[in-house]
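**Student:** Need a 3D model of the following:
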Amino acid sequence: NYPICALIMANTLSVIFSIAPHLSLYGGYQRYAGLLTFLLYPLLYFVAINNIDNKKQINKILAGIIISGTLAAIYSIFQHYGIDFIRWDFTANPVLRYRNFASLSSPSFLGYYLTIVIIISLGAFVCNLFSGYRIIIGIASTLMYVSLLFTCSRAAWIGFLIGIILVATLAWRGISRRGKKQILLLMAIFIIITIVISLNSSTMVNRVISMGKIKEGSVSVRLYLWQDTLKLIKNHLLLGSGPDTFQTVFPRYASKNLTAAQRVNISSHNEFLDKTAATGLIGLGVYLWLVGAVFIKGIRLIRNSKDRYWQGLTISLFSAWIGSLIQSQFGFNMVAINLLIWIILSLLIVIERRVRLDEANIKFSVVIHDDKPNFMFSQKIRWLLYLVVLITAFLLGTVIIKPYLADVYFKRAVFNTQNQIEEI
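**Tutor:** Next up, the predicted model:
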């Protein structure tokens, strides 16, 4: 918990000394990566670790993650073949006409999201976390893999490859012979799907080939972005320029190698550089502290867990986190992806607590329960609390719905204006 609390303090300081405190507090339009949004992640984390404490709850969360990923994958596959029940506006980003994105506004975001979910899903398949549902999980994983290939997101592909290799390496020894056969069969299906899609998609092949072309295309753009971001960091070394101010500050340091559109990029496309640019060396140091703590905790849990379920779950979540960390070095995350990452962090803490309790039960041959307060409110007070929660939720809903409706009307106006211009 200490690194997380330190991360909150570092972000708060960077907002106070930001070049645009209001922007750093609320975040820019559509991105909303300010302090208020960031604080939701630790809040989710602390709520989760204090309310989740058994396998049944964890399985429901995992099932929800896998189902949501599968639904997004199915929708995006339909998109790939030109079937879409939503009328999207492609004016700002014409590439969306040719690459599937589901409802995540970008093929890259969909790829990042699916990378995490697929690794968790395949981890559940490999470690047999859902006994009796292995075939269903295998089908879900296959659908998400097809969608991942269609996104043509190279960063997501790299993160997925490293994550799944990690799952196989860490879990292979504990898998039964029958389980290994099923895993090899699924991997063979993945390879066949990759070959078939590659033979029918020049875009996918070109994206793979472009990885080695560092002097042209988006790879060279990223290198220039990284190089120029270092100039920005040099002038905002200690506390950074403030959360979500990259697009405002970066044009001053952008070189002539970047186009006008690339100079107003919202990110350096590298997680560590983004953290340093926003929160300075203090923020980067705290973030690396958190990364190191999660890495050490994950390795220890995998080594020390005697229960196959907890060990398999740790392998799945830890590998998904590593995959997300790798892919974020070539792109940037959005709210939905960050929420998923923080859920993973909270579940790792829950696993650690359960493993310690199981070890204590075995050691002392007694059942030791969590030290939780054992009290109940009276029926009248409980109904009063429910009423307070409902009223609060309604009031907050009215506040939240206004900017949402404003955004809807704004988008409609832009869309209608564009249609009128085309008609003229």
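
**Student:** got the buried residues for the strand or helix carrying Ile162?
**Tutor:** Assigned by DSSP states H and E, Ile162 belongs to helix 154-171. By 16 or more other C-beta atoms under 10 Å, the buried positions in helix 154-171 come out as 154-160, 162-164, 166-168, 170-171. Any C-beta I mention is one placed from the backbone N, CA and C, and that applies to glycine too.

**Student:** In those, find the pair that's most separated.
**Tutor:** Arg154 and Ala171 (26.3 Å; C-beta to C-beta).

**Student:** Give the residue spans of this structure that score low on pLDDT.
**Tutor:** Along the chain, the model assigns pLDDT under 70 to residues 89-95, 359-380, 382, 385, 399, 419, 421-424.

**Student:** tell me, what residue is most central in it?
**Tutor:** Closest to where the C-alpha atoms of the chain average out (C-alpha atoms, centre = their mean) is Ile337, at 2.5 Å.

**Student:** residues of the helix or strand harbouring it that come out buried?
**Tutor:** Using DSSP H and E, Ile337 maps to helix 335-364. For helix 335-364, a neighbour-count test (16+ other C-beta under 10 Å) marks 335-338, 340-352, 354-355 as buried.

**Student:** which helices and strands does that helix pack with?
**Tutor:** With contacts taken as 3 or more C-beta pairs under 8 Å, 6 or more residues apart in numbering; DSSP states H and E, helix 335-364 sits against helix 35-51, helix 55-80, helix 107-126, helix 271-304, helix 308-327.

**Student:** The last one packs against which elements?
**Tutor:** Put plainly, it is helix 308-327. Looks like helix 308-327 contacts helix 55-80, helix 107-126, helix 154-171, helix 271-304, helix 335-364 (3+ C-beta pairs under 8 Å, 6+ apart).

**Student:** Looking at those, which is nearest to Phe410?
**Tutor:** Comparing the helices and strands packed on helix 308-327 under C-beta to C-beta, the one sitting nearest is helix 335-364, at 19.3 Å.

**Student:** between the closest one and helix 271-304, how many degrees?
**Tutor:** Comparing the axes of helix 335-364 and helix 271-304 via axes from the mean of the first three to the mean of the last three C-alpha atoms, to 10 degrees yields an angle of 20 degrees.

**Student:** pull the longest helix from this structure.
**Tutor:** helix 379-423 (DSSP state H).

**Student:** Centre of the chain to that one, how far?
**Tutor:** Using C-alpha atoms, centre = their mean, to the nearest Å, the mean C-alpha position of helix 379-423 is found 24 Å from that of the whole chain.

**Student:** Check stretch 1-20 too.
**Tutor:** Distance, centroid of stretch 1-20 to centroid of chain: 21 Å (C-alpha atoms, centre = their mean).

**Student:** again with stretch 202-218
**Tutor:** Taking mean C-alpha positions (C-alpha atoms, centre = their mean), stretch 202-218 and its chain are 24 Å apart.

**Student:** what about it, start to end distance?
**Tutor:** Stretch 202-218 has an end-to-end distance of 17 Å (C-alpha to C-alpha, to the nearest Å).

**Student:** so how far is Val167 from Ala20?
**Tutor:** 42 Å (C-beta to C-beta, to the nearest Å).

**Student:** What are the buried residues along stretch 275-290?
**Tutor:** 275-284, 286-287, 289.

**Student:** could I have that stretch exported to CSV, CA atoms only?
**Tutor:** The C-alpha atoms that make up stretch 275-290 are tabulated as CSV, following Å, rounded to 0.1, in the frame of the first residue of the first chain:
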residue,chain,number,x,y,z
LYS,A,275,5.0,9.3,-16.2
THR,A,276,8.2,11.3,-16.1
ALA,A,277,6.9,14.1,-18.3
ALA,A,278,3.7,14.4,-16.2
THR,A,279,5.0,13.8,-12.7
GLY,A,280,8.8,14.2,-13.0
LEU,A,281,11.6,12.1,-11.5
ILE,A,282,9.7,11.9,-8.2
GLY,A,283,6.6,10.4,-9.9
LEU,A,284,8.8,8.1,-12.0
GLY,A,285,10.7,6.9,-8.9
VAL,A,286,7.4,6.1,-7.1
TYR,A,287,6.0,4.4,-10.1
LEU,A,288,9.1,2.2,-10.5
TRP,A,289,8.7,1.4,-6.8
LEU,A,290,5.2,0.2,-7.4
